[in-house]
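Student: One predicted model, sequence on top.
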Amino acid sequence: MQTENNNSENNLTANHKIINREFPFLDGHVIVTWLDQDGLFSQINQSLLDMSGYRETELVGVNYKLLKHPEIPDSVYEDLNNRLRAGKRWKGVIKYLRKDGCYFWGLTTILPILDQASASRYLCTVRKASRTQINAHIEQHALATG
């Protein structure tokens, strides 16, 4: 996935009102998305729509950073991108930003789908993270709890 931070990507979350309220991960839901090599959503499932508050037409073709909560340090995404560029799986807890400004936590796994020598797309799954996993992430990255 592209790692450059340009103004348009940084402005994705700048246009959101941030609300300090957690949206609980819906029981039984697993978010499944496909991202192209530039980090744009190419396929999404209903669970992503339910969890994010967006419509399909608002997500397909848009960079995944639209859902990036500003409290998640850039170092998390640098690690994610470095592993994917190396053709390796990445797994970790992410705080996602919803359309309404609330947030939700997810245990995220991203797999690069290799086409010859490089990744041509990425499969991303997000499941409910346990409170223990969330607290460990907060402690590791010294995030505010809200």
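Tutor: Cool, the structure landed.

Student: So residue 66 is in contact with residue 59, correct?
Tutor: Yes. Using Cβ atoms under 8 Å, residue 66 is in contact with residue 59, at 7.3 Å. For the C-beta atoms, the positions are set from N, CA and C on the backbone; glycine is no exception.

Student: Compute the distance between residue 115 and residue 27, please.
Tutor: Counting by Cβ to Cβ, to the nearest Å, the gap from residue 115 to residue 27 is 36 Å.

Student: quick one: which of these two has more around it?
Tutor: Remark: of residue 115 and residue 27, residue 115 carries more neighbours, 10 against 6, as counted by other Cβ atoms under 10 Å.

Student: Figure out the helix or strand that residue 94 lives in.
Tutor: strand 90-97 (DSSP states H and E).

Student: tell me the mean pLDDT for that strand?
Tutor: Per-residue pLDDT values across strand 90-97 average out to 96.

Student: now stretch 35-55
Tutor: 96.

Student: Compute the first-to-last residue distance for that stretch.
Tutor: 17 Å (Cα to Cα, to the nearest Å).
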